[in-house]
Structure formats: structure tokens, C-alpha cells
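[1] just coords:
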Ligand SMILES: Nc1ncnc2c1ncn2[C@@H]1O[C@H](COP(=O)(O)OP(=O)(O)OP(=O)(O)O)[C@@H](O)[C@H]1O
Ligand SMILES: Nc1ncnc2c1ncn2[C@@H]1O[C@H](COP(=O)(O)OP(=O)(O)OP(=O)(O)O)[C@@H](O)[C@H]1O
Ligand SMILES: [Mg+2]
Ligand SMILES: [Mg+2]
């Protein structure tokens, strides 16, 4: 009898031993919990369908979420890193999916994850191009790291600038003010937009950089007003942006707010939070599927998400996190093994249609390849708040509505 | 002109945030590091009363102020009283209480940016070409009223004077019949109400978010210390220095340097006036 | 009126007050004399209830343990477990040793804080009275307490105690640091306060010369025990007392 | 007596805001002197001491100590030069045992250079030296008193501890700000010989006091201040005979008699 | 019944050996030696063996390293606050400066950890001392607040000027050879510093520090320059913090502005309060409790910090003197009822 017990345990464990997805996420914040929900949704779908086929056996996914608190001010990144280590060492995670969410933390976690030789897919938050660059520079060390969500360089040159041009052409606008948060990606992004748009003949006011947590934007707004700016480009991932829009509305600034990253306006609850004062604000949610759209037949994702969580996808991490799990499943099944090195190859060979189009990774940077056409690559989404709804306005291939101007802008004309 | 008006508004907001803390710390030497969380709590409770129970706005505000006063008093009565006089323990304990409240709220659903309080008055006016909304004007007015009221309270009522006495020398105050525990409970309650008032006045301009709790705490501490302990003029002046430093840097150097300059202003003020603008602490302690 | 029976105070294992009993009748001035560390301040703390507060604070910090035993009767009540603020309300006010002025308040404010227990009318009247016994304070009204000189602080401390409308005033070393002229005046004023306001007063001093002539009854403390007690004349005639306190 | 001048003040003046605390005070002390300073409360005695020892910077005037102009020096330099003072409001190190209070001065650069009190500071075992000093000024060596923390000592011992702190430095000049107040008659009587002994050892003393009898028995010269200005100076009889002093300091005949 | 209780009181008596060993070490029996050595041995032995015992759970070894870093900060806070009288909330500054110095030395000059760590300790301590120098005349809360502003300022300056890698931080710092080195270097540092400082504060120099804390005017009057001593104190304390910071940056192969985060200022203080201020060993005990509690609570998810705060509060309120003070009193003294 004595030898039976361990054997039983072994067999039963073998039968159902789950594949552990470790998710280091700052779950108290938008980009943390949206990713968590996306991942959990995908996992429950996959498990309901029988799990993942590794070689000959079917194994379910299990999710271990850890709150890294990295988006919280005053909390050191080492806290997030310790969380990642907990996932790796104690929870015995087979994969790291999701975060860390803050760019700084994501970068800092790279060596740790690489050291553990675990495949990791970044799905939410961090937009820094440095992530892919670092992978490209040290392919041997960092080859296990992938990112399936958007990245700032493409977002700017491939989506935001074309969208701006489109607006400019349509309404004959060519003056822009830029307000960004005082973090590297925002400053860099704002700077590039300023430069490119200036080259394209727009008049661009000097960058206004606001520290994280700023609560008063009136000076910048009135500067924009007196300089007769027609578009206000906003790049801030902090909740206080809804104050900005309220002030914008209260001061009746005759300029269209365009959020290249504007966490507050991405959420469905934004409407209530600003008492509708945020109408006409444009926001970028990085990947399609994070706002209702018709990008691909996979729109069922939005419905499933809503069914499971009771809200539409909120931040820009939902659809990509969801897709990360499916991508992983796909790669595991193709590789037929859990060996990290084999999986890297399989991941690199990924070619999968998903919520936001075709998922393929750049062989050098391990970054998902973007496109304006869902048939070609991962598409982004820019939407505008119109009468309480998020209406997708860009890219044209998936748009469901037109860009509108606030009434006081028309009056001003 | 913009600078003047918005600097004024900014400064008054800072002063409002700091009043409660200054009252409790400056006057009764009890560092209430749960100040910021009381501030957020009032906003959240008011929102709940307003939206979940459907109370009218003024009633909701009143009820939440009363509640917060009780919370403040209870904090002292049940927790802080046991470590009275050990300053570092007091700081850590009250900070922990604040943390528990804030993180509890966050867990209880106060996530993201969804909640907001309505402004008292819609609309805006143009003052010398600067658009200012009514609510912000109200902030200035209320701020002035509160500062004045508190000043009267502290300098010209028995209770206020007793609080002051207790802060400076508890044992001597005891011999004069000032019941220090009762006073401390009272000052905590009053401080909580102050935090609440600030929240009610300032929150409609923004959102009810947990993070503002930390922000308010740091600002309140800075204003209180830079002004000099227990000095009202000092606190108000400090609020203006920091407030204008922020607005001026926004205007001239870019908002980029806003925090850097504000922090530098604090450090430089303290180095040049070691006991705050109007404090006499150092001189008094060094008088031999 | 006021009676302490068998007071004992231990600081940890050290006996600082040993079975001291003391009585004070209406309108009497009682003197408590003793050299350094005789236990005068300890006695005053015990009478005013401050000892309870000190005890509580020590306990909180886990430091030494203070034990208090004995009974204090005041106006027919047993008040040993009254906290100091309550005793003050009942009329027992201590003017503590080493002054303990509120350093950041002006002289006037110090006095006003002292008037916490007084009605506005009483406060006003007492304020005038304080300025009349210590005219020096009139000029200093607006100066911060902490900037006063040693002697000025002493005057202020006594004035502040008076503001609390005591029925029984406890003075701990009131003469410390006063110039001879003020010492003399203070001794006179103590008598005045008693005569005009009927306040009973207990004075603890080691410099007995100015105080001895005005007391009604006195105790000599030595190492925590009351070794001699008696009326003024008795004490003045006692050769040991004369030797120790008058230097002849 | 034509001993060398230890300390001289020239026109020392100090204002605090609107308060004229000192007006043009001149003073001269020679080696081996015991100078008494008396005056009504708040007349500026402590302020004068502060000006001399650097705790307060005089607005005008000069302080010259052993030929060096020490005006405006920080207190620690003044003490290092050999001029120490006691504090009227006692300032011991409350959390340290009484004898450990003396380790601090014994550790100071001056004590290490000169050897401090009777040369013991250089020799090493500062604890023993500390207890020696305390014994000398009236702490019983074998009792528990020197080993108690200063916070639990009564006033009288603290006053003596103040003096002990000065002695530990082996100063050339000690300014005592009211060391006698707070001592009982017999204790004071026991301190007088110590003071004499110090003088005999060549230490100069300035004593600010309200206990006139004891002061007069010690001091060879007395200076009277009133409202921050010097009223008169001389030996005790001269001072007591001075009409202005009677008026300013004693106020009335009764008081005079009483003293 | 009442009367019986009335006339008794609880007496605390120092154990004989304690009285004797306060200054002189005249130990005569094994029992007494054990009495003296046991607690020290327990601490040293326990800390040395802990990594081995934890080898089955590698994650907790990592936690141990973090505990050590917080302990360094906590000892430094305790030393400054209770022995020099400067309440410094600048723990984050020390960590940050230490981390950046080590990272820069490593990535720019290519120095190996064996050099960067000691260099960062000394250099970092120097930099912190220089930064805080103008603030040394400040007292009490004023100093506390200024020292709190410095790390915030440092982070913002790096952010605003975009130096040292800006918000991304410095990547590519060399890691330590293996986890044993990590842990034992840190444990060694904690133990050496702990016992070293305990020694120091009872030496004559230490007494001067304590004098400065109690009463700086009297120290001045004793002919000692207090600023020099305060600076020395700050240097000792900040060097300890910088050591922690340097280790942290090698531990995670990275340095960034979040190393100026407020947590590094606050948790050590909490640990000091819980463990008992003024004992130096107490803060270490506090860290040994608080950090693992925080890790154990991770399963609470978002509620974790709230629960943690409540536990912290409970410690402070119910053992307000601090665990170490309480413990050593129970160890050194016995209590008995005596008749009065
Ligand atoms: N907190 C304390 N802890 C321990 N012992 C104390 C404490 N306070 C006072 N003592 C001791 O109690 C004894 C009596 O002290 P007390 O202060 O009552 O003396 P006193 O008569 O007022 O002396 P003085 O006239 O010098 O002020 C002294 O031996 C003193 O050391
Ligand atoms: N820092 C200061 N600011 C304002 N006024 C001061 C300050 N220091 C002292 N004074 C005032 O200067 C005067 C002289 O004070 P000082 O302490 O020198 O008196 P003193 O002669 O020592 O009196 P006593 O005998 O009472 O100790 C006092 O009236 C005091 O109020
Ligand atoms: Mg006494
Ligand atoms: Mg004086």
C-alpha cells in the first residue's frame, strides 16, 4: 500500500497537471485588472474546451496572479520584482504572462525572467520600444521575452499621425498643443509627434509636460486657447486626465482633445466620471478589441468579456492579454513540448488570426507586427466619445463612425 | 493675470488641504498621518450617500462630515491614545490607519477614475480675459472663510487656547485642568472635519481617487512644516509660496519642473528659516 | 479640607515618599521643606495627581514602574484616583517646578490658557490681579513665554496657576531664581492670596527663610519621610530646623 | 593686584526685536577674581553670559578673552578656548546616567588636549574621572546617585551637575549662572569651600546670583545690572551702600533689611 | 481582599548578573556565561543558519535578502533617531544613491561588484552627507520633512533632466555570482553593523552622540562642534543605507528611480517602532517580522496592504514599547510581589 500512494498521486497529477501562467500585474489599477480579466477569460474558455494539447496529453491552464503594485506611487519596483520571483520560484510558473505593467518595472524584470529561462509575454502597460530593442541587442539572453501588445513607435507613426492628418484634412485644422505626462514614453512620444507634425506643416506649440499626479491643467489649457490651438494632443496615463477634460469642457477650449494615451478616457465609466464633459475626446486603446469594433470575426471576445465581467473591455490590456493566452496555447501545441527553447522557435513561427488581426512576431525584437489592416497584422484602435458611447474612428478599415467636433468649436469658426 | 488667478486658486486649494493637518499637528502636536485617507473617505462616503442612497447633496455632505468626525475621534480614542507622546509611533500608527482605510477603500471598489462629485455651481465667468468657473471662485471664498474661522477659533476661544496649551506642554496643561485626552479626541475630530470640508470643496474639481490621499498628505505636511508649527499665518503663507512656485514654474519653465521647484522651495525655505516661516521653535529650543 | 494619608510613592524599587500624611485646613498656608531629593516634588506630583499621568506614560513606554499608595481626601471626597485634570477642576492647582511655561505662547496667552477653568468674568478679574502682584509682567505681555528670563518665567507660572481659580494652590519651589526683592514680594503675595481669596496654599521650598514666617503649619521632609512637623513657631524654635534652614 | 586680564567686555550691546537687553556693558575680570553679577529679574544677566560664551551674538561691542577677540565665536570654540558656563535652566543629558554626563566634556578636544580635569581626561578611564569630579562637588560616591539617569535627579543635583560639566573641561574661567538657587542652606555651605579651592587653583569665576549672602562671602567684586546697563561695580560694601542699587534692586528698605 | 492587594506591589529586580555586567565583565560560572551569550548566539546562529534552512524554498531566500536590506535601513534609522537625535525619513535617499552609484560604477566604469559595493557604500555615504549637510542645524520634524523631500526631489530631478537612464533606469548591472553570496554578504553586513554600532554607542564617542541628541546646547558648551558629530552620524547611517542600495541594484541587476520610493523610508521606521527603538537589535527583529508578514499576505491580493497596515497597527498599539524592549526586560529582570 505504501508504494501505491505516491504512484496514485503521480498519475493523477500527470493526468491533470496544469500549466501555470504567472501573471505579475498591478491589479489595483486599470492596466492590471483589465489584463487579469483578459487572461482569465481566455483560460476559462480554453479549459472549458479541454485544455492545451502538450504532445499527447491535454493539460489545463491555471492562473496565478500576483499584485505587484508597480503602478502605485511610492512603491519601489523591487516589490514588483519580488512578486515576479515569487511566481517563478514559489508558484512554479511555467510562463509569465501580463506584466509587470510599468515600463520601468517591465524592463527591470527582464534579466530576472531571462535568468529563469521562462517564456514571457508582455501584454499590458509598458509601451517602451526599449523592450524590443533590448531583446534585439541581446538575443541570447532575452530570447524568451515577447510582447504582444502595441509599442509606442508604431503607435505614433502608424496610427496617431495618420489619424491626425485625417482630422486635419477633414476639418481644415493645423494647429496643435501637446500635453504629456512627465514620464519617458510620454515625453518621447509627444516629442516625436510634435516634430513629425511640424514637418508636415502643422503649427505645434511647445510641449507641456505635467508631473504624474498633477491636478490642475488650466494654465496649459488657456495657453492653448490663446494660441488658438485646434487639437490638443494628450499623452498621460494617470487618472487625473479626467480633470483635464472637465477643465477643457468648463473653459470651453475650442480644440479637439486627442488622447494618444489617456488612461482615464479609455474606460467605459469615463462618461459618468466626467458627467459627460468628456464628450468628443478621442482615445487610443492600442489594440483593437479593447473597444467594441468590427476588426475581425473574433468580436465575440468583447461579448464574452462583457458576459464574464459585466463591463466592456476597459483599458488597453484586455484584448492583448486574452490573445497572449491563445498564442501561447497555439505555440505549445505546435511545439508539442514545454521546453523553453523549442517554444521560442514555435512562438517565432506564430501566425494566428485573433481579436485584433493577425498575430506574428518580429523575429528580432519579438514584438507583435502591427498594421492598419487586420488581415496583415495587429491593428490598433482610436475611438471618440460620442453621446456616451465609444465609437471607433480609426483605422478606417475597422471604423464604425466619423470624427465629430464639439459644438463650440464650430461656433468659433 | 492667469498666473495670478490660478496661482491664487492653487494656493487656496493647498491651504485647504493642509488646514486639518495643521490644526491637529500644529495645535495639538499629534501627527495625523491618516489625514489624506480621511480626505478621500469623505469624498467616497458622500458619493455613496448621493448616488446609492439618493440623499440630497447638502444632506449627504453633512452626514459624511459627521461620520468622519466620529471616525477621527474613534481613531484617537481607541488607538492613538495608547501611544500618546511617542511621536514616531504615532506617525507610523496613524500612517498605518490611513493606509488601511485607503487600501480598504480601493479594495471596496474605489478603483480607477469612475467617481466624481457634482460641482456646486455650473458655469464660468471671464475675469480680465481669464476664464474661471464658479466653483473655483467658491473655493477661494470658502478657503478664506475657513482660515479666518479657524484663526478665530484658535486664538480667541477657550477651547482653541486649551488645545494650544496642550500642544506645548501637556503636563502643565493638565495642572490647569485641561483634559488632554478629551482635547486630543476633539482636535482629531475637528481635523477630520477640516479634511472633509477640503474634500467636499476640492473633489468636484477632480475625481475621487485613492492616490489623492497620498498627495494631500504630503502637501499638508509640507505646508504645515514650512509654515512653522502652529502658526496660521505661516501655513497660509507657505501654501501661497508652494502654490505660486508651482504655477510660476508651469508658466515659465514648463510644468515639467513643477514638483522639482516646489520641493526645492520647501528645502530652501527650511534651510534659511530652520523653524519654518513663522515658527520660533529653533530659537526657543536654543534659548539658554 | 484637604488631607493626604499615608502617601507612598515608589520609583521602581526606590521609595521616594514614605508614609507621608499631610493636612491642610481651609485658608491655611502649609510649608513643606526639605533638602535636595527629599521628595518635595514627588509629594507635589502625588497631591496634584500628575503622578498618575507620569505613571501611565512610563507604563506605555515600558520603563520603570511607579507605585502609588495612600489616600487623598478633599472636601469630603476620596480623590486618589482622580486624574490631574479632574483634580484641577475640583480646585487643586499645581504650579510645577522648573516652570513649564508654554514657550510658544505670549505671556498674555499663557495666562489666558491658564484661565481655561475660569468664567470670563473671573478670568478678567484674576488677570488684573496677577498683573497687580507681578507688575513686571505688564510690560512683557506680548513676549513669547520661552524668551522670558528665568525669574520672569517663575512669575508667569505662578500667575498662570492663579488663573485656574484654585481653592488649593500647590507651589513647588516658587522662589527658584527670583531676585531677593521679588522673593520678598512673592512671600507677601502668597499671604495676600490667602487673605484676599481664601485660597489654601501648600508651598514646597528648600529655601525656607522667606517662606517660614508666613506659614501656618509646616512639615520637614527628609529622604521621603516627614521627620518634623508643627506650627510656625514650633518649627522656628526647633534648633535642628534653624541650623538646616537658617544657617544659625 | 596687578594680575593679567582674563576677560574684558567693551560696549557689549544686544537687542531682541524691540527689547533692549544689554546696553553698552563694559567689564573687566582678572585672573583669580571672583566677580559677582547681580540685578533684578530680566535685567539681562543671562543674556550677558550668552553674549560672552557665544550663544548669542552681540549686536555691538567686543568680547576679549585672554587677549583674543572672541566676539561672535560659536559656543564650542569659546568653550574650547577655556571659557565655560553653566545654564540657568539646567541642561543635562537626561537619558544618561549622571556620571556619563561628564564623559561628553571629558571627550572634547580641549579635555583631550589639556588633559581636562586634573589631567584625567587624557589618561584614559574617563568613567573614574567622572565619578571623581562628582564626588568632589558633593555627589556621594558610594550612593546610587551618580549612577542614576539625569532625568530622575532632583533640581539640586542637576545644578551641581552643571558645574561638574564645566570643571571637567578644566577651564580658565567659569561663568556660573545661578548655581546656588535650588540648593539648600547646608548644601550651599558645602559648595563654598569648593569655590574657594577653585580660585586657589587659579580658576577665575563669574557668578550670577540672587543669593546675596553667599555671594558676598565669596566675591571680591560685584557688578550690578539694571535694564541691561551697568549700574555700579565694586566690592560688596560699596555696592550695598549705593543708593541707586538700593532703589533698583531692593526696591524698599524692608527688602534691604530682609536680605 | 481589596486591602491585601492594596498593600502589595509588583517589584522588578534586575537579575544579579545583569547588575554586575553593566560595566565590568566578571563572569564566574558557565551559567552566567550562557546567560550573557545565549541571546547573542541565538541571533547570530539563527541568521547564519537561516539561508540553509530556507534552501528548500528559494523564494524565501530572496525574501531574506530583502529583509536584510530593510534591516540595514532600520538600524540606520534607529541609530540616527535614538542616538544622534536626527529623525531621518531619508531611507529612500540612501538606497537610491547607493543603488545608482553602484550601478553607474558598474555599467560605466566596468567595476566588478566586489569593488562597486564598498565604493558605493563610502561614496554614497559621502554624497548623502554632503546633501544633508546644510540641513543639519534643523531640528526634529523640520529635519524629518527635509530629509523626506530629498528622495522625492532626487527622483524628480532624474526624471526631469532625463539623466542616468531617466525613468527607464539603468539596465545591465552585473548580478552577484550566486544567491549564497547575496545572502551571506548581506547577513554578514547586518550582523557586523549591528554589533559594531552597539559597541560604538556605548563608547565615549557614542556618548557624545547621545549627548547631541539629548541636549545639543550643552554639548556646545562642552567645546564640541555638534555639526561635525551630526555629520559623522549621518555619514555612518547613510553609508549603511547605501550599502543596502548597492546590494539591491546588484541583486536585481538594475537601478531606477523607484529606488527613491517612499516605502524605503517608511517600512524601516515601522520596523523600528515594532521592534523597539533605541535597541538597534529591535529594528532587525521588526524587519524579520514585518517583511515576511507582508510576503505571506500576498495571497490577499489588493487587500494585502490594508491587512498589513492593520497588523502593523496592532503591534504598535499592543506592544507600544517595542518587542525588543519588552523581551529584554523580561529576560533581564524578574518580577515578584512584595508586601509594602
Ligand atoms: N522619575 C523618577 N525616576 C526615578 N527616581 C526619581 C524620579 N523622580 C524623582 N526621583 C527620585 O526621587 C527622589 C525625590 O525627588 P524629588 O524630585 O521629589 O526631590 P525634591 O525634594 O523635589 O528635590 P529638589 O528640591 O532638588 O527639587 C530623588 O532621589 C529622585 O532621584
Ligand atoms: N531671544 C530673546 N528674544 C526676546 N527677548 C529676549 C530673548 N532673550 C532674552 N530676552 C529678554 O531679555 C531680558 C533679559 O533676559 P535675561 O535672561 O538675560 O535676564 P536675567 O537677568 O538672566 O534674569 P533672571 O534673573 O530672571 O534670570 C528679559 O526681559 C527677556 O525677556
Ligand atoms: Mg523638586
Ligand atoms: Mg538669568
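    Yep, it's here. Keep in mind that what you see is a predicted model, and the values were worked out from it rather than measured. Ligands and ions are numbered 1, 2, ... in the order given.

[2] residues near residue 168, how many?
    You didn't say which chain, so I picked chain A. Taking other CB atoms under 10 Å in any protein chain shown as the criterion, the count of residues near residue A:168 is 19. Yep, even glycine has a C-beta here, placed from its N, CA and C like the rest.

[3] that's the wrong chain, I wanted chain E
    Neighbours of residue E:168 (other CB under 10 Å): 23.

[4] then the one 3 residues further on?
    For residue E:171, the count of nearby residues is 19 (other CB under 10 Å).

[5] test my guess that it contacts residue A:106.
    No. Residue E:171 lies out of contact with residue A:106 (CB atoms under 8 Å); the separation is 11.0 Å.

[6] which strand or helix spans residue 249?
    Using chain A. According to DSSP states H and E, residue A:249 maps onto helix A:241-250.

[7] try again with chain E
    Residue-wise, residue E:249 maps onto helix E:226-251 under DSSP H and E.

[8] do the same with residue D:223
    Using DSSP H and E, residue D:223 sits in strand D:221-226.

[9] name the nearest residue to whichever residue of the stretch 101-250 of chain D sits closest to chain B, sequence neighbours excluded.
    For the stretch 101-250 of chain D, the residue closest to chain B is residue D:177, as judged by CB to the nearest CB, at 8.6 Å. Distance criterion CB to CB, 6 or more residues apart in numbering or on different chains; nearest residue to residue D:177, sequence neighbours excluded, is residue D:88 at 4.2 Å.

[10] contacts only, for the one you found.
    Taking CB atoms under 8 Å, 6 or more residues apart in numbering or on different chains as the contact definition, residue D:88 lies against B:288, C:150, C:177, D:46, D:177-178, D:208.

[11] can you do 7 Å?
    C:150, C:177, D:46, D:177-178 (CB atoms under 7 Å, 6 or more residues apart in numbering or on different chains).

[12] model confidence for it, exactly?
    At residue D:88, the model reports a pLDDT of 83.

[13] check which helix or strand covers the residue of the stretch 201-340 of chain E found nearest ligand 4.
    Proximity of the stretch 201-340 of chain E to ligand 4 (CB to the ion) peaks at residue E:217, 14.7 Å away. Here residue E:217 is covered by helix E:216-221, with elements defined by DSSP H and E.

[14] next, the contact list for the closest residue to residue B:27 other than its chain neighbours, please.
    Closest residue in space to residue B:27, ignoring its immediate chain neighbours: residue B:163 at 4.8 Å, by CB to CB, 6+ apart. Going by CB under 7 Å, 6+ apart, residue B:163 touches B:27-28, B:183, B:187.

[15] which ones among those lie within helices?
    B:28, B:183, B:187 (DSSP state H).

[16] ok, and the most crowded of those residues?
    Ranking those using other CB under 10 Å puts residue B:187 first, with 28 neighbours.

[17] excluding its backbone neighbours, what's nearest it?
    residue B:28 (4.3 Å).

[18] got a list of what the one you found touches?
    Applying CB under 7 Å, 6+ apart, the residues contacting residue B:28 are B:163, B:166-167, B:183-184, B:187.

[19] contacting residues around the residue of the stretch 101-250 of chain D closest to chain B?
    Contacts of residue D:177 were listed using CB under 7 Å, 6+ apart, and they are D:46, D:49, D:85-88, D:208.

[20] can you check residue B:100 too?
    Contacts of residue B:100 by CB under 7 Å, 6+ apart are E:306, E:309-310.

[21] need the residues you listed in a markdown table (columns: distance to ligand 3).
    Below are these laid out as a markdown table (distance: CB to the ion, whole Å):
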| residue | distance to ligand 3 |
| --- | --- |
| E:306 | 49 |
| E:309 | 44 |
| E:310 | 44 |
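
[22] how close does the residue in the stretch 1-150 of chain E positioned nearest to ligand 4 get to residue B:286?
    Closest to ligand 4 within the stretch 1-150 of chain E is residue E:139: 23.2 Å, counting by CB to the ion. Relative to residue B:286, residue E:139 is positioned 9 Å away (CB to CB, to the nearest Å).

[23] cheers, nothing more for now.
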